[in-house]
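Dropping the sequence and predicted coords here.
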Amino acid sequence: MPLSQRKSKRYNKFNSKPDSGHSKKSANASSKIRIISGSFKGRKIAVANADGLRPTTDRIRETLFNWLIGSIAEKRILDMYAGTGALGFEALSRGASHCTFFEINKMPFRQLIENADLLSVSNKCNFKNMDVLTILNESEHQFDLIFIDPPFGKNLVNPSISELIKADLLASNALIYVECENNYAIDDFENLMVIKTLETKTFTSRLYKYSKIS
């Protein structure tokens, strides 16, 4: 392969698109997952071959988005630990107006951008390649639906919810989806109410509703 084709591509961590050297081929992608429903139903997006990446299964995504029927269209989404981006792209497929993706690992981050280009939704996305907890308070928008599906064993769920509340980033009646280990103890946060729960052998999924005090 010519040296010019092997040359590494650089990404601005605040930009939603790669530079002009971006290849159309999904580098380091080992598998694909499909969009379940909406305008991209049946479309497949590539999954980066990265250690620790844990894509949400079709069954769990289908359950989650059944919970969210009627709560996605024209909403602003935050995917705090995006990974494959499956949750955020599924929400966009179902009519969400915008999604902000945080992903700290470079390989999955680059794949997110490629998948957004593939689905032609880059104009509805914002990508940040950094630690979400260190910069979340700089957000200019509140969010209607938040996905918190972090790597297991790192105690990120409680700090994530706490930071969302502290930074006043939850819109009135915002919904928060959390996926965590079965033995993870989620704190009791004021104004957060569990409205849906699903337990598997290894993890628990919960949907919370936030009621803001006026």
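Looks like it arrived, so ask away. Since we're looking at a predicted model, the values are computed, not measured. Residues are numbered from 1 along each chain as shown.

longest single strand anywhere in the chain?
Here the longest strand in the chain is taken by residue count, with DSSP state E as the criterion, and it is strand 170-181.

partners of that strand in the sheet?
For strand 170-181, sheet partners with direction are given as strand 143-148 (parallel), strand 203-210 (antiparallel), following DSSP bridges.

what residue lies at the spatial centre of this structure?
A centroid search over the chain (CA atoms, centre = their mean) returns Asp79, at 2.8 Å, as the residue closest to the centre.

pretty sure it contacts Cys99?
Yes: assessed by CB atoms under 8 Å, Asp79 is found in contact with Cys99 at 6.1 Å. Placement of C-beta: from N, CA and C, glycine included.

Quick check: neighbours shared by the two?
Gly88 (CB atoms under 8 Å, 6 or more residues apart in numbering).

Give the residue spans of the protein that score low on pLDDT.
Across the chain, residues meeting the criterion (pLDDT under 70) sit at 1-30, 51-52, 213-214.

Do you have the strands of this protein handy? List them.
29-34, 44-48, 76-79, 98-102, 125-128, 143-148, 170-181, 192-199, 203-210.

export these to CSV and tack on distance to Thr56?
Below are the strands of the chain laid out as CSV (distance: least, CB to CB, whole Å):
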stretch, distance to Thr56
strand 29-34, 9
strand 44-48, 11
strand 76-79, 11
strand 98-102, 14
strand 125-128, 18
strand 143-148, 9
strand 170-181, 7
strand 192-199, 12
strand 203-210, 9
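
shouldn't Asn158 be in contact with Cys180?
No: the pair Asn158 and Cys180 does not pass the contact test of CB under 8 Å, sitting 9.4 Å apart.

higher neighbour count, those two?
Applying other CB atoms under 10 Å to Asn158 and Cys180 shows that Cys180 carries more neighbours, namely 21 against 16.

Report the beta-bridge partners for that one.
Per DSSP bridges, the residues bridged to Cys180 are Thr204.

Quick check: the gap between it and Leu164.
15 Å (CB to CB, to the nearest Å).

What of Phe127?
From Phe127 over to Leu164 (counting by CB to CB), the distance is 19 Å.
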